[in-house]
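>>> sequence unknown, structure follows:
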């Protein structure tokens, strides 16, 4: 689709040879464009049209007038969000969940991978891996259902278990200050094994002669881990860290939404759930879009900043 | 530095021994920590509900019953939504592969004119998106609201999967093969369908599995785009049983209330088993493809 304009703008027609070369290339590329076409059409409709729709963040959008007819209001929607009491609350809750999650979920998979790497019995190692990956395939919905069942204050598994020791379990999900812990640690249970796969692969790629040399020098297992394993998987860790910082404000929206209830809302209302409620439940389309755009911008800035920092410090970067 | 301590080798290896044992113990504890909650859901779904509530079920079902399953299957919503999910998963996975694989292949070819710009076109949506409302408006405007196909078509293009496929084709399809095919008179289409696709079973399996699991677990799109209960997938019906009912059953009181609540609890355990068991049973056989997928994903440039 873009090709023809490219030809006419980039290459002066006077350069005959070049034009002929492009034409030949275009001809061989033609069937490739056909292969690209279905995905391009869908991409334009369902990814680029919505990006165009971001205009409504700067409008007082009304569905009757549409994007072309709705009046522009500048940054009013953003101002409205910044001035509302939900602004600091949603930012704070989002950051608490994501930073907490980052701090816990970055080192634990590394630790698990190193541990798995130390297991020498192949059969046991295999079982360990299969089992720890397993919860990853539980759907968010079922996971949240399980959390609610297990933490149920009177009849849940945890309550009954603590009852054996004479301890009474409080209603965890109604106490807002517990929300972050429940969210993060259930995530650990579900994904730590899966997230370790990439580190296990990085570890298995380490040249065994390093270990042999270290053994000759009398290094302990612990010393080998600290001096060999950790430095060699640091680049992998940095890349994954950059990627997760770039997604810092995209906390698991589905999970938060499902675990929310009116009693824990003060700690569980995050930007994306607020966007959903404002937009689809209250039909404030422009405000919701503005908040979503704000979220995207922060994410982009963070991604670029961390990438820059990482390049400076460790010479590894995403781009 | 280590040399001097050579005499201490025996002592150190003893420390290593302790370390080793500690690791095995930790590993076993973790296996238990992962498996026990799942095991508990399974046995609770077969046990007498009041035993579960009173904490008499820990390791083995007590007073076997299938009441939870019976109540669950008596709702015709569960059958219909299960069927819907299977259809969405099969059609959605097939459609997504049909759309994404050719794109990945085209972008992997060196002689594609405008390759750089096209690649950028595919990468941008990974970082910038219209967000909830603009996307909703587009889906609404193309008439997919409350439409069966909304679960299959709109979000089938995955830039991430296309890039993974592109990397795979780049690495595993030798240039010489394409040249040889050209000499034999094959064009791009014939080469793609008769050579590339049969040689790419690994990537097809990996991307297919990712997509299938994604669609199987998908519920939010269904929540906002599908109001008609007849079209809703299993996960959304599970939401009623597991999440939304939570408040209702907690509010009911008295003898009947208690019984209803017990039944609701049983149904929760049963619904978790029914919806998760297929994936759990298939998973050990498919595990190698998932692992391969993680590796392929990390290869993207």
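Arrived safely. Computed from a predicted model, the values in this text were never measured in an experiment.
>>> Could you use CA atoms for every contact and neighbour count after this?
Will do.
>>> Can you classify whichever residue of the stretch 101-250 of chain B sits closest to chain A by secondary structure?
Nearest to chain A in the stretch 101-250 of chain B, going by CA to the nearest CA, is residue B:130, at a distance of 4.1 Å. Recorded secondary structure, residue B:130: coil (DSSP: H, G, I helix; E, B strand; the rest coil).
>>> tell me the pLDDT at residue 103?
With no chain named, the answer covers chain A. Per-residue pLDDT puts residue A:103 at 92.
>>> nope, chain B please
96.
>>> List the contacts of it.
A:35, A:36, A:37, A:39, B:162, B:166 (CA atoms under 8 Å, 6 or more residues apart in numbering or on different chains).
>>> Sticking with it, tell me its helix or strand.
Here residue B:103, judged by DSSP states H and E, is contained in helix B:76-108.
>>> still on that earlier bit, quick one, what contacts the residue of the stretch 101-250 of chain B closest to chain A?
Going by CA under 8 Å, 6+ apart, the list of residues near residue B:130 reads A:47, A:48, A:49, A:50, A:51, A:52, A:53, A:54, A:293.
>>> Hmm, the fourth one is touching residue B:131, no?
Yes. Counting by CA atoms under 8 Å, residue A:50 touches residue B:131, with 7.2 Å between them.
>>> how far away is the residue nearest to the spatial centre of chain A from residue B:28?
Residue closest to the mean C-alpha point of chain A, counted by CA atoms, centre = their mean, is residue A:247 at 4.6 Å. Separation of residue A:247 from residue B:28 (CA to CA, to the nearest Å) stands at 33 Å.
>>> Also residue B:273?
Applying CA to CA to residue B:273 and residue B:28 gives a distance of 24 Å.
>>> Of these two, give the one with the bigger neighbour count.
residue B:273 (20 against 14; other CA atoms under 10 Å in any protein chain shown).
>>> Please verify my assumption that the more buried one contacts residue B:42.
Yes. The criterion here is CA under 8 Å, and residue B:273 meets it with residue B:42 at 6.3 Å.
>>> Please enumerate the helices of the stretch 201-319 of chain A.
A:208-216, A:221-224, A:230-246, A:253-259, A:265-268, A:271-276, A:285-314 (DSSP state H, counting those that start in this stretch).
>>> and if you look at the stretch 1-150 of chain A?
Assigned by DSSP H, counting those that start in this stretch, the helices in the stretch 1-150 of chain A fall at A:3-10, A:16-43, A:49-52, A:66-69, A:76-83, A:85-105, A:107-118, A:122-133, A:140-151.
>>> go on, chain B?
Under the criterion DSSP state H, helices of chain B are mapped to B:9-46, B:49-53, B:67-74, B:76-108, B:115-127, B:132-141, B:159-172, B:175-183, B:188-191, B:201-217, B:220-225, B:234-239, B:245-251, B:254-299.
>>> Flag every buried residue along the fifth one.
Pointing back at helix B:115-127 there. For helix B:115-127, a neighbour-count test (16 or more other CA atoms under 10 Å in any protein chain shown) marks B:115, B:118, B:119, B:121, B:122, B:123, B:125 as buried.
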